[in-house]
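1. Here is my input, please return the structure:
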Amino acid sequence: MKNNHYVLWGSELSPFYLKVLACLQYHHTKINFQPQNGHYFKALYYQLKVQLIQAGLIKITWPQKSTLDELPLVPYMFNSKGQSLYDSSAFAHYLDKHTTSPVHCLCSFDNNSVEFLIALIDEYADEFGLYMVHHMRWKYSATDNTAGSRLANEFKTLLGPFNGIIANSFPKRQVRRLPYLFSVAPKGFAIDKLPKVLQPPIKIGFPATHKLLENSYDNLLDALELLFAKRPYILGNAFTLADASIYGQLSMNLTDPSANQHIIRRAPNVHAWLIKIQQSDFQRPDKVKFEINEDLAPLLMEIQRTFIPLMQQNHQAYKNYLAEGHDVFNENAFNKGEALYEGLIDGEPFKSVVKSFQVASWQDVVKRWNGLSDSERQIINDVTPLKI
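-> Below you'll find the predicted structure:
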């Protein structure tokens, strides 16, 4: 196997880390977890390397970073050649290209309709699923999640006796960021016996989105519950990037007690599926079989209801701001109250900041859709008409 050893830098608190981990484990790839494994100086070496990447002093090897992209906090991957990689979706494509293993590819198949659906579901999970699972951690599991202490434990090699600082500061930081991550509490909302600094925030001038996010989360669980009653993976009998991406998001909530119990109660098939992947219990068929049929309709309808209109409205707002000469977006703009726009998802109002990386994601989806033939698009539209 080529390039069969990777250093994975990050934390299990990140759904993108969990997504990458699933891809690596599916391919039987040897993984060195940092900063969790090893001694102080090794962890420090990779910490400094990540900081130099984020400062622009070390170049990313894969993929080529565009002006629309943002570098994440985690995860980062480093291969046995010392090359630096980021972006969970791009990394799955990298594995397809650079790894030979006894299992099939994650993203690349001789079926353009399947490849499009993999990309669509992947982007939906990354861009809208992220909002739902963070909401479930910091609102639904606000009183019983242990994210701060778990992150501190992962970084204890680096921080030693100072890891308690992360244990206390990380939850406060994540709760403050909830409105940026689309979760805005209704006026007067409060959770009993929860400290003020951990209360899901209300944001003046922003519509409440708790109901929208929780309904969307349940819709996703319901769609997958029906799907996994009939097939082992989203698109058929084979694990793909679509599965890895959905898994990465939802499995983040397996460690959040209240959210985990909610999945068990509402979608036991989904919970069992998540646990199997978490335990690297993959079905690896000799012959891959994909099925684009009515089984996928509930999932595609939910993507059409939420993700597609959100991306379209974000893209239009981006173009509007660019025409006005504005070029600061994402969290920096949000914290300044800039580049904001209002929109609707299935009649529910929201307010958000323009996110340039979502523009890039949406442009890729549109390009893939436009690259399909009429007959390839019809295969998908016969299941659920997509307005792309």
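
2. Export stretch 53-65 to PDB, keeping only CA atoms.
-> Provided in PDB are the C-alpha atoms of stretch 53-65 (Å, rounded to 0.1, in the frame of the first residue of the first chain):
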ATOM      1  CA  ILE A  53       0.400  26.000   8.300                       C
ATOM      2  CA  GLN A  54      -2.300  28.300   9.700                       C
ATOM      3  CA  ALA A  55       0.200  31.200   9.600                       C
ATOM      4  CA  GLY A  56       0.900  30.500   6.000                       C
ATOM      5  CA  LEU A  57       4.600  29.600   6.600                       C
ATOM      6  CA  ILE A  58       4.200  26.000   5.600                       C
ATOM      7  CA  LYS A  59       2.300  25.200   2.400                       C
ATOM      8  CA  ILE A  60      -0.500  22.700   2.300                       C
ATOM      9  CA  THR A  61       0.300  19.900  -0.100                       C
ATOM     10  CA  TRP A  62      -3.300  18.800  -0.800                       C
ATOM     11  CA  PRO A  63      -5.700  20.200  -1.800                       C
ATOM     12  CA  GLN A  64      -4.700  23.600  -3.300                       C
ATOM     13  CA  LYS A  65      -6.200  26.200  -1.100                       C
END
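
3. residue ranges of the strands in the stretch 251-388 of the chain, please?
-> Secondary structure of the stretch 251-388 of the chain (DSSP state E, counting those that start in this stretch): strands at 340-345, 348-353.

4. okay, these, which one's buried deepest?
-> Counting by mean count of other C-beta atoms under 10 Å, strand 348-353 has the highest mean neighbour count of the strands of the stretch 251-388 of the chain, with a mean of 18. Every C-beta, even on glycine, is put in place using the N, C-alpha and C of the backbone.

5. Outside of that strand itself, list whatever touches it.
-> For strand 348-353, contacts defined as C-beta atoms under 8 Å, 6 or more residues apart in numbering pick out 180, 182, 184, 205-207, 209, 211-212, 314, 329-331, 333-334, 338-344.

6. returning to what we had before: quick one, which of the strands of the stretch 251-388 of the chain is nearest to residue 30?
-> strand 348-353 (39.8 Å; C-beta to C-beta).

7. okay, now residue 193: neighbour count?
-> Residues lying near residue 193 (other C-beta atoms under 10 Å) number 6.

8. ok, back up a step: would CSV of the strands of the stretch 251-388 of the chain with mean pLDDT be doable?
-> Listed next are the strands of the stretch 251-388 of the chain as CSV, based on pLDDT from 0 to 100:
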stretch, mean pLDDT
strand 340-345, 98
strand 348-353, 98
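
9. will you turn the ones you listed into JSON lines that also has distance to residue 33?
-> Output for the strands of the stretch 251-388 of the chain, formatted as JSON lines (distance: least, C-beta to C-beta, whole Å):
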{"stretch": "strand 340-345", "distance to residue 33": "37"}
{"stretch": "strand 348-353", "distance to residue 33": "33"}
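
10. closest to residue 291 out of the ones you listed?
-> For residue 291, the closest of the strands of the stretch 251-388 of the chain is strand 340-345, at 28.7 Å, according to C-beta to C-beta.

11. Dump that closest one to PDB, restricted to CA.
-> In PDB, the C-alpha atoms belonging to strand 340-345 read as follows (Å, rounded to 0.1, in the frame of the first residue of the first chain):
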ATOM      1  CA  LEU A 340     -24.900  39.500   7.300                       C
ATOM      2  CA  TYR A 341     -28.000  38.400   5.300                       C
ATOM      3  CA  GLU A 342     -31.500  37.200   6.000                       C
ATOM      4  CA  GLY A 343     -33.200  34.200   4.500                       C
ATOM      5  CA  LEU A 344     -35.800  31.500   4.700                       C
ATOM      6  CA  ILE A 345     -35.600  27.700   5.000                       C
END
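
12. And that strand, what does it pack against?
-> Applying 3 or more C-beta pairs under 8 Å, 6 or more residues apart in numbering; DSSP states H and E, we find strand 340-345 packed against helix 307-323, strand 348-353.

13. So which residues make contact with that strand?
-> With C-beta under 8 Å, 6+ apart, strand 340-345 has contacts from 212, 305-306, 309-310, 313-314, 317, 320, 333-334, 349-354.
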